[in-house]
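> sequence? don't have it. structure:
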């Protein structure tokens, strides 16, 4: 049975296997298909190459036409018509003005009268003015218990009355006895003694009067008065405390009569007369104020001298910071331009000068400044037109259209 099954299986395999002639025909058909595909791919590659060459030729032709137009005589006019429009800028004129080098010093507003008021007598404090109170000259700042002073005044007055009565007695007695040309036979030594009693009682009366005045002054000192008009800025003693002679009571500052105090390095001090107007900058505005005094005594440590500038009708407050502009050399004429015209870059500074509608760059050095103007040293004339706005984006030689700065024109007029 096994042999029969095996023979059947072999027969089936032999029936399913293709004959050699059929295999050869299949291979030929496959080769023909592959050859057709290769021809198709080669044809597509040729088309791509031809298309690329055509595009390259078109580009070359376009470039040739461009360069031909560029180098043709009409090229500059076309380029000018097709280029970017001129830059719009704001300009101002340089000026020949007189400037002097200045040194800016920090200063402080101080009061002409600023005092800590002290007690002139001792005693218990009854009342004290409050911080911030406005006082006039002669107003009471503090009151000290006056009882002891009042009692002392009463004692001195009683003593004065006694001595005046005694002096009257000695004077009358001497007149009765000594004025009789010694008819009563009184010895000269007794008369001399009576005369001495009169003089002694007179001196005692004078001493008692002085002591009474001193006691009255002590009584008056129990009310501590303001020596000038001002404002109370601090208290040093409170009601109920015991004040000694010289104890601080309150600080009073005159807020109307003001000055500026500034320290000047000794190396910068120049001869300057009292009354010279100095520029003061404070609270965002500028003003002119006269120099009152330059104290010609330097500090051994800081090597500075103090100057005082008078202030009148100002809204500055005591303690306000200010800046004082002090001339440090003689004045001279310079070429100055607005500060906005200077373009600052690392290791260089320059301006743009407009000539015939074209911006030209000029490298400059900066000198002294005064207000909105600053001295420039370089190829900038006193009547040059400089760009103050819009110069940051400019190139040297670029065309510009400009308008005059209205504020500078108004100032010049």
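Everything's here; your move. Nothing here was measured: the structure is a model prediction, and the numbers come from that model.
> hey, where'd the helices end up in this structure?
With DSSP state H as the criterion, the chain has helices at 2-16, 20-70, 75-82, 147-178, 188-221, 406-412.
> looking at those helices, which has the lowest confidence?
Per-segment mean pLDDT for the helices of the chain reaches its minimum on helix 2-16, at a mean of 42.
> Endpoint to endpoint, stretch 295-311 covers what distance?
Counting by CA to CA, to the nearest Å, you get 18 Å between the two ends of stretch 295-311.
> Pull out the buried residues from it.
By 16 or more other CB atoms under 10 Å, the buried positions in stretch 295-311 come out as 298, 304-311. C-beta: built from backbone N, CA, C; applies to glycine.
> go on, stretch 343-353?
343, 350-353.
> Dump these to CSV, plus distance to residue 196 and pLDDT.
Converted to CSV, those look like this (distance: CB to CB, whole Å; pLDDT from 0 to 100):
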residue, distance to residue 196, pLDDT
343, 102, 92
350, 103, 92
351, 101, 93
352, 106, 93
353, 106, 93
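> Let's see which of those end up in strands.
Using DSSP state E, the subset of the buried residues of stretch 343-353 located in strands is 343, 350-353.
> need the contact list for residue 100.
Applying CB atoms under 8 Å, 6 or more residues apart in numbering to residue 100 gives the contacts 327-332, 368.
> Please report the distance of the residue nearest to residue 311 when sequence neighbours are not counted from residue 314.
Leaving aside its sequence neighbours, residue 311 sits nearest to residue 258 (CB to CB, 6 or more residues apart in numbering; 4.4 Å). Residue 258 sits at a distance of 7 Å from residue 314 (criterion: CB to CB, to the nearest Å).
> between those two, which one's more packed in?
A side-by-side neighbour count of residue 258 and residue 314, using other CB atoms under 10 Å, places residue 258 first with 22 against 17.
> what about the longest strand in the chain?
The chain, longest strand under DSSP E: strand 358-370.
> and that one, how far out from the chain's middle?
26 Å (CA atoms, centre = their mean, to the nearest Å).
> any idea of the mean pLDDT for it?
Rounded mean pLDDT across strand 358-370 is 88.
> just checking, residue 370 touches residue 102?
Yes. Residue 370 lies in contact with residue 102 (CB atoms under 8 Å); the separation is 7.2 Å.
> Quick one: the strands in the stretch 201-350 of the chain, in order.
According to DSSP state E, counting those that start in this stretch, the stretch 201-350 of the chain carries its strands in the segments 223-225, 230-235, 242-243, 248-253, 258-265, 277-282, 285-294, 304-311, 321-327, 332-338, 343-345, 348-355.
> Let's have the ones you listed in CSV, adding distance to residue 127.
Below are these laid out as CSV (distance: least, CB to CB, whole Å):
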stretch, distance to residue 127
strand 223-225, 10
strand 230-235, 11
strand 242-243, 12
strand 248-253, 11
strand 258-265, 30
strand 277-282, 38
strand 285-294, 38
strand 304-311, 34
strand 321-327, 36
strand 332-338, 61
strand 343-345, 63
strand 348-355, 66
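> show me what contacts the nearest residue to residue 139 once chain neighbours are set aside?
Closest residue in space to residue 139, ignoring its immediate chain neighbours: residue 226 at 4.8 Å, by CB to CB, 6+ apart. Residue 226 is in contact with 117, 135-141, 252, counting by CB under 8 Å, 6+ apart.
> let's see it at 6 Å
Going by CB atoms under 6 Å, 6 or more residues apart in numbering, residue 226 touches 135, 137, 139, 141, 252.
> If anything else comes up later, I'll come back, but that's it for now.
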